[in-house]
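Engineer: have a look; sequence and predicted model below, questions after that.
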Amino acid sequence: MSTYRQTPFSRAFTALTQYVDHKWGWHRLPVPLGLGVLVGLRTKLRQHNLFDTGTLPSVDAPTPPPPDAHRRTERSPEGSWNDLESPGMGMAGSRFGRNIPLDRVGRTTSDEVLHPNPRQISRRLMTRHELAAAEGANSLVAAWLQFMIHDWFSHGTSPKDNPWVIELDDDDTWPDGSMTILRTMDDPTRPKGSMGPRTSINVLTHWWDGSQIYGESEEATQARRSGTDGKLIVLEDGSLPRPTDPDKDPSRVPGFWVGMAMLITLFTHEHNAICDRLKAEYPTWSDEELFQRARLINAALLAKIHTVEWTPAVISHPTTVAALRANWFGLAGERAQRLFGRISDSEVISGIPGAKADHYGIPYSLTEEFVAVYRMHPLLRDDWSLRSITDDHLLRDCTFRDLAGPNGVDVLAKTGMTDLLYSFGTQPPGLVTMHNYPRFLQEFERPDGKLTDLAATDIVRTRELGVPRYNEFRRLLHLKPFTTFEELTDDAQWAKEIADVYGGDIEQVDLLVGLYAERRPKGFAFSDTAFRIFVLMASRRLNSDRFFTDYYTPQVYTQTGLDWIADNSMASVLLRHHPELRPALSGVTNAFAAWRRTSS
């Protein structure tokens with residue numbers, strides 16, 4: 001456990017803020033008081049909810065490449081050498097950490113994983129009958145989340161042998177009368193037969209480094225580079241090349257859909273625009289120098305957009321909007337930062353970028369609990385209207401199935417990026433709530449032909465990876481557990497349905513079910529319990545990364561690069577590459593909020 005700020009004053013402060021949160025709730029307080037409570041809650045979480053799975057037995061851990069002077073100022077494709085004293089920290093192939101004590105990681109026996117029945121939970125508690133929309137936001141919210149996840153984490157390819165076998169009800173029409181769910185890949189760094197909690201590796205890097213654009217290996221990165229002026233390969237029509245080898249075609253990887261393809265394409269173009277700007281400022285720079293600086297700048301811009309635009313759009317409570325902007329700009333604010341730079345070493349006053357790197361006493365990694373609360377498939381719509389930016393006329397109606405896998409590539413080619421972006425910007429996503437899981441994902445045909453119920457799979461994955469059930473999860477995050485189903489949710493029918501599925505035992509309620517059912521703070525598209533992990537981990541991903549802290553300097557990024565990050569937003573990126581969107585974005589203060597329709 002971390003030793004972060006274990007002082008009498010800190011303990012008193014965190015105890016007070018926890019008391020206030022339990023009695024009134026941070027979201028019911030005036031913004032200044034709410035911010036103070038969130039600072040205390042984050043401090044408590046940093047003290048008690050960071051755990052290093054690297055202390056468990058290990059063999060054949062990934063080996064970082066030898067020292068190289070270039071690593072000091074460049075991100076490595078596999079994530080090594082971010083921390084110069086611990087070069088393997090956070091690199092691809094290293095373990096997920098934990099936000100709960102290792103001795104409280106749940107069991108992963110067959111009985112624990114398969115009961116209550118995941119398919120019954122999917123059908124009876126998750127199925128969407130009508131979209132519950134997150135009004136005020138737009139569907140770029142859902143596309144952006146998938147785009148980010150493909151940079152952050154992956155448990156790797158599941159083995160085909162020994163799948164979980166799910167029993168089906170008599171009235172279940174699942175094809176072939178049986179359902180199997182592949183298991184998560186075993187941790188290759190764990191000695192055979194070793195005891196203790198389940199561990200898993202992240203086959204991607206744990207850093208916020210834009211790997212979904214640049215690739216997660218040297219080979220993948222080189223395949224995407226043009227070799228000229230630092231730029232990535234873009235075809236004449238503005239699209240990205242598709243590999244001739246079907247095994248390397250991203251559209252055939254489960255999880256690919258048109259929303260993710262759009263954003264990868266958009267920020268590939270943004271990388272090349274950054275290269276043009278750097279080339280104009282530094283005309284003698286080599287292709288390599290331009291590429292490396294542009295990657296740093298682009299990755300930081302992604303992190304800024306996620307922190308101060310995407311997240312406030314999905315948790316648009318005034319206190320969280322202020323808190324998230326403070327993560328980047330500090331409480332002194334963006335204007336003070338532009339005028340005076342950092343006025344304090346404190347991240348609270350002047351923000352995290354440019355502050356000192358801090359791991360809070362625990363080696364940095366993403367965590368299994370972070371993965372679990374990011375299972376937000378209800379953000380996705382089932383039905384989509386694709387419309388023209390010119391006059392809002394309908395081009396075609398389609399379903400999510402039309403937008404996923406290789407179908408998505410065809411839609412992108414036939415509809416075009418500008419009209420697709422407009423269509424996403426003018427349609428709301430779903431709320432992350434009960435009875436709002438996309439129907440097509442409950443019967444989703446993967447590119448390899450395997451049929452999957454992703455709602456049931458989400459339940460299995462969370463159990464399988466040892467993430468506690470909902471009430472225990474709340475206890476370990478210093479929240480009060482619920483004693484009745486009526487306390488859990490303010491919907492009497494939902495309370496009855498959950499009680500029936502879980503045999504009246506509230507301690508058995510799965511994490512996802514509890515997250516989807518609980519009352520949400522005003523403006524939230526997802527739950528307050530999930531938000532506790534973000535309070536901790538959203539800051540940590542910035543605090544631990546030296547390219548957002550000690551090395552966030554003109555010497556590393558160039559002043560041109562820092563200015564690019566400061567001066568740009570999601571809206572400016574969209575308008576740089578698709579200026580036709582200007583009428584739809586006119587007057588819109590956050591590009592993840594609902595856009596104007598052009599018919600008016």
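Structural biologist: It's in. Quick caveat, the model's predicted, so the values are computed rather than measured.

Engineer: CA only for contacts and neighbour counts going forward, please
Structural biologist: Noted.

Engineer: for this protein, what spans make up the strands?
Structural biologist: 164-166, 179-181, 383-387, 394-399, 444-445, 451-452 (DSSP state E).

Engineer: and the closest residue to Asp186 other than its chain neighbours, how far from Leu585?
Structural biologist: The shortest distance from Asp186 to any non-neighbouring residue, by Cα to Cα, 6 or more residues apart in numbering, is to Ser200 (6.5 Å). Remark: distance between Ser200 and Leu585 (Cα to Cα, to the nearest Å) = 42 Å.

Engineer: how much space is there between Val411 and Leu420?
Structural biologist: Distance of Val411 to Leu420, computed by Cα to Cα: 9 Å.

Engineer: Leu50 now?
Structural biologist: Distance of Leu50 to Leu420, computed by Cα to Cα: 41 Å.

Engineer: those two: who's more crowded?
Structural biologist: Leu50 (27 against 20; other Cα atoms under 10 Å).

Engineer: nearest to Leu38, out of the strands of the chain?
Structural biologist: strand 383-387 (37.3 Å; Cα to Cα).

Engineer: of all residues in this structure, which one is nearest the centre?
Structural biologist: Ile149 (4.6 Å; Cα atoms, centre = their mean).

Engineer: which other helices and strands contact the helix ranked longest in the chain?
Structural biologist: Criterion DSSP state H: the longest helix present in the chain is helix 258-281. If contacts are counted by 3 or more Cα pairs under 8 Å, 6 or more residues apart in numbering; DSSP states H and E, helix 258-281 sits against helix 140-152, helix 211-214, helix 287-305, helix 406-415, helix 559-567, helix 570-577.

Engineer: quick one: which of those helices is nearest Ser239?
Structural biologist: helix 406-415 (8.3 Å).

Engineer: any low-confidence regions in this structure?
Structural biologist: Along the chain, the parts satisfying pLDDT under 70 run over 1-5, 600.

Engineer: what's the burial count for Thr284?
Structural biologist: 10.

Engineer: to clarify, my last question referred to Ala372.
Structural biologist: Each residue near Ala372 was counted by other Cα under 10 Å, and the total is 20.

Engineer: equivalent analysis for Asp176, please.
Structural biologist: 6.

Engineer: residues contacting Gly405?
Structural biologist: Counting by Cα atoms under 8 Å, 6 or more residues apart in numbering, Gly405 touches 251-258, 446-447.

Engineer: recalculate using a threshold of 7 Å.
Structural biologist: 251-252, 256-257, 447 (Cα atoms under 7 Å, 6 or more residues apart in numbering).

Engineer: now swap in Gly333 and tell me
Structural biologist: Ala326.

Engineer: what's the answer for the one 10 residues further on, then?
Structural biologist: Ile343 is in contact with Ser350, counting by Cα under 7 Å, 6+ apart.

Engineer: what do you get for the one 4 residues further on?
Structural biologist: For Glu347, the residues meeting the contact criterion (Cα under 7 Å, 6+ apart) are 330, 355.

Engineer: try it again at 8 Å.
Structural biologist: Listed by Cα under 8 Å, 6+ apart, the contact partners of Glu347 are 327, 330, 355.

Engineer: distance of the residue lying closest to Arg582 once chain neighbours are set aside from Asn436?
Structural biologist: Leaving aside its chain neighbours, Arg582 sits nearest to Leu575 (6.5 Å; criterion: Cα to Cα, 6+ apart). According to Cα to Cα, Leu575 and Asn436 sit 32 Å apart.

Engineer: quick one, which of the two is more surrounded?
Structural biologist: Asn436 (25 against 14).

Engineer: still on that earlier bit, mind putting the strands of the chain into a markdown table with mean neighbour count?
Structural biologist: Formatted as a markdown table, the strands of the chain follow (neighbours: other Cα atoms under 10 Å):
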| stretch | mean neighbour count |
| --- | --- |
| strand 164-166 | 16 |
| strand 179-181 | 18 |
| strand 383-387 | 19 |
| strand 394-399 | 12 |
| strand 444-445 | 18 |
| strand 451-452 | 19 |
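
Engineer: can you tell which of those strands is closest to Met262?
Structural biologist: strand 383-387 (14.0 Å).

Engineer: tell me which other helices or strands the closest one touches.
Structural biologist: Where contact means 3+ Cα pairs under 8 Å, 6+ apart, strand 383-387 is packed against strand 394-399, helix 417-425.

Engineer: sorry, back to before: correct me, but the residue nearest to Asp186 touches Phe96?
Structural biologist: Yes. With contact defined as Cα atoms under 8 Å, Ser200 reaches Phe96; the gap is 6.0 Å.

Engineer: Leu395 contacts Ser388, doesn't it?
Structural biologist: Yes. Using Cα under 8 Å, Leu395 is in contact with Ser388, at 6.5 Å.

Engineer: OK, contacts around Val258?
Structural biologist: With Cα under 8 Å, 6+ apart, Val258 has these contacts: 403-405, 408-409, 411-412.

Engineer: of these, closest to Thr14?
Structural biologist: Nearest member of the contacts of Val258 to Thr14, counting by Cα to Cα, is Ala404, at 45.5 Å.

Engineer: what sits against the closest one?
Structural biologist: Here Ala404 is in contact with 255-258 (Cα under 8 Å, 6+ apart).

Engineer: could you dump those residues to TSV with distance to Ala593?
Structural biologist: TSV is the format used below for the contacts of Ala404 (distance: Cα to Cα, whole Å):
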residue	distance to Ala593
Gly255	24
Phe256	24
Trp257	21
Val258	20
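
Engineer: ok, the residues you listed vs Val432, which is closest?
Structural biologist: Using Cα to Cα, those come closest to Val432 at Gly255, 18.2 Å.

Engineer: residues contacting that closest one?
Structural biologist: 146, 404-405.

Engineer: residue boundaries of the helices in the stretch 301-450 of the chain?
Structural biologist: 311-314, 318-329, 333-340, 347-350, 368-373, 400-403, 406-415, 417-425, 439-442 (DSSP state H, counting those that start in this stretch).

Engineer: what's the offset of the fourth one from the middle of its chain?
Structural biologist: Remark: helix 347-350 is offset 24 Å from the chain centroid, using Cα atoms, centre = their mean, to the nearest Å.

Engineer: Glu309 reaches Asn590, doesn't it?
Structural biologist: Yes. Look at Glu309 against Asn590 with Cα under 8 Å: they come within range, at 6.3 Å.

Engineer: so these two - more neighbours on which side?
Structural biologist: Applying other Cα under 10 Å to Glu309 and Asn590 shows that Glu309 carries more neighbours, namely 24 against 19.

Engineer: export the strands of the chain to TSV and append columns for distance to Ser365.
Structural biologist: Shown next, in TSV, are the strands of the chain (distance: least, Cα to Cα, whole Å):
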stretch	distance to Ser365
strand 164-166	28
strand 179-181	27
strand 383-387	36
strand 394-399	36
strand 444-445	31
strand 451-452	29
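
Engineer: how many neighbours does the residue nearest to Pro65 when sequence neighbours are not counted have?
Structural biologist: Spatial nearest neighbour of Pro65, excluding adjacent residues (Cα to Cα, 6+ apart): Ser80 at 7.5 Å. Ser80: 25 surrounding residues under other Cα under 10 Å.

Engineer: Ser80: what's it in contact with?
Structural biologist: Counted by Cα under 8 Å, 6+ apart, Ser80 has contacts 64-65, 87-92.

Engineer: mind checking which of these land in helices?
Structural biologist: Going by DSSP H, the helices hold none of the contacts of Ser80.
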